[in-house]
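In: Below: sequence and its predicted model.
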Amino acid sequence: MEIIGFGLAFLIGITLGLIGAGGSILTVTVLVYIMGITPTTATTYSLFIVGISSLVGSVDYFRKGLIDIRKGLYFSFPAFIMVFVMRKFVMQRIPDIIYQAENFTFTKNLLVMLLFGLLMIGASYSVIKTRKEANELIKADVSYWLIFLEGILVGTLTGFVGAGGGFMIIPALVIFAKLPMKEAVGTSLMIITINSLFGAIGDFSAGVLLDWVFLLKFVFCTISGVLFGGYLSKRVDGEKLKPAFGWFILVMGCWIIIKETVLK
């Protein structure tokens, strides 16, 4: 199963390189259901993997001048604070068994996966939308307050489920920050890098132990995919691939919720 998992890590990187999002959503899914890692640990691994991979991907966008550093930092400041707080203080205090009845046990891992599945379903909407539909939403001036509030929301969710939040960040940057799509993708990668790495630092400082050999192998495969995805992005319009990918994560989100509840 490890070979399959590392192959999927490469595909995750391609997705991240092509459309600037989707890395963490797919990473957690692969780590839990292919690699057999517990959901709580998978969120830590995902933050580190996606953080390093997004850093590599953002370098190319930065060289092309497709990152708005000011708006990116304005978004990421409240986000990375919330990520750090969630990982270091909140997640560590949630008990492994939240509720237990005679025939039912509600665990921390189940809570993480249910919220993760709901996040996938919600994120699928912003991916399925075409660029034309997204552009129709852009009417108001740049709203820094809305960018700030969106940063708080994304940071909280990132800290809880280990997802970088690219599917929420990109629409927010396009709608509220008035960024063109390519610049929104580049800026999103910068924000995901900051959020994810601060989340990972929160876990490390809380004493979470990691399998570094496995983690570095996965990171290597993902980064290779990011570089290949960046190469493909010059020849393939990632925007055309987004609706199909959106339907895929919608199905995956529904499957995760069904598997964690009905099929347990």
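Out: Nice, I can see it.

In: Flag the shaky bits of the chain, pLDDT-wise.
Out: 20-22, 126-127, 129-142, 163-165, 237-241, 264 (pLDDT under 70).

In: just the helices in it please.
Out: Listed in chain order, the helices found in the chain under DSSP state H are 2-19, 23-33, 39-63, 69-85, 91-93, 108-128, 131-136, 144-161, 166-175, 181-205, 212-233, 238-261.

In: quick one, which of these is nearest to Tyr99?
Out: helix 108-128 (9.7 Å; CB to CB). The way it works is simple: take the backbone N, C-alpha and C, and place the C-beta from them, glycine included.

In: And that closest one, what's buried?
Out: Residues of helix 108-128 classed as buried by neighbour count (16 or more other CB atoms under 10 Å): 108-117, 119-121, 123-124, 126-128.

In: So which of the helices of the chain is nearest Gln100?
Out: Closest of the helices of the chain to Gln100 is helix 108-128, at 11.6 Å (criterion: CB to CB).

In: what's next to that closest one, contact-wise?
Out: The set of residues external to helix 108-128 that reach it, using CB atoms under 8 Å, 6 or more residues apart in numbering, is 19, 21-22, 25, 28, 32, 38-40, 43, 94-98, 134, 157, 160-163, 167-168, 170-171, 242-243, 245-247, 249-250, 252-254, 256-257, 260-261.

In: could you redo the last one with a cut-off of 7 Å?
Out: Helix 108-128 is contacted by residues 25, 28, 38-40, 43, 94-96, 98, 157, 160-161, 163, 167-168, 171, 242-243, 245-247, 249-250, 252-254, 256-257, 260 when judged by CB atoms under 7 Å, 6 or more residues apart in numbering.

In: With just CA atoms, put that helix into PDB.
Out: The C-alpha trace of helix 108-128 is given here as PDB (Å, rounded to 0.1, in the frame of the first residue of the first chain):
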ATOM      1  CA  LYS A 108     -11.800  12.700  18.500                       C
ATOM      2  CA  ASN A 109     -10.700  10.900  15.300                       C
ATOM      3  CA  LEU A 110     -14.300  10.600  14.200                       C
ATOM      4  CA  LEU A 111     -15.000  14.300  14.900                       C
ATOM      5  CA  VAL A 112     -12.000  15.200  12.700                       C
ATOM      6  CA  MET A 113     -13.000  13.000   9.800                       C
ATOM      7  CA  LEU A 114     -16.700  14.200   9.900                       C
ATOM      8  CA  LEU A 115     -15.600  17.800   9.800                       C
ATOM      9  CA  PHE A 116     -13.100  17.000   7.200                       C
ATOM     10  CA  GLY A 117     -15.800  15.400   5.000                       C
ATOM     11  CA  LEU A 118     -18.100  18.400   5.400                       C
ATOM     12  CA  LEU A 119     -15.200  20.700   4.500                       C
ATOM     13  CA  MET A 120     -14.600  18.700   1.300                       C
ATOM     14  CA  ILE A 121     -18.300  19.000   0.400                       C
ATOM     15  CA  GLY A 122     -18.300  22.700   1.000                       C
ATOM     16  CA  ALA A 123     -15.000  23.200  -0.800                       C
ATOM     17  CA  SER A 124     -16.300  21.400  -3.900                       C
ATOM     18  CA  TYR A 125     -18.700  24.200  -4.600                       C
ATOM     19  CA  SER A 126     -16.000  26.800  -5.100                       C
ATOM     20  CA  VAL A 127     -14.100  24.400  -7.400                       C
ATOM     21  CA  ILE A 128     -17.100  23.300  -9.500                       C
END
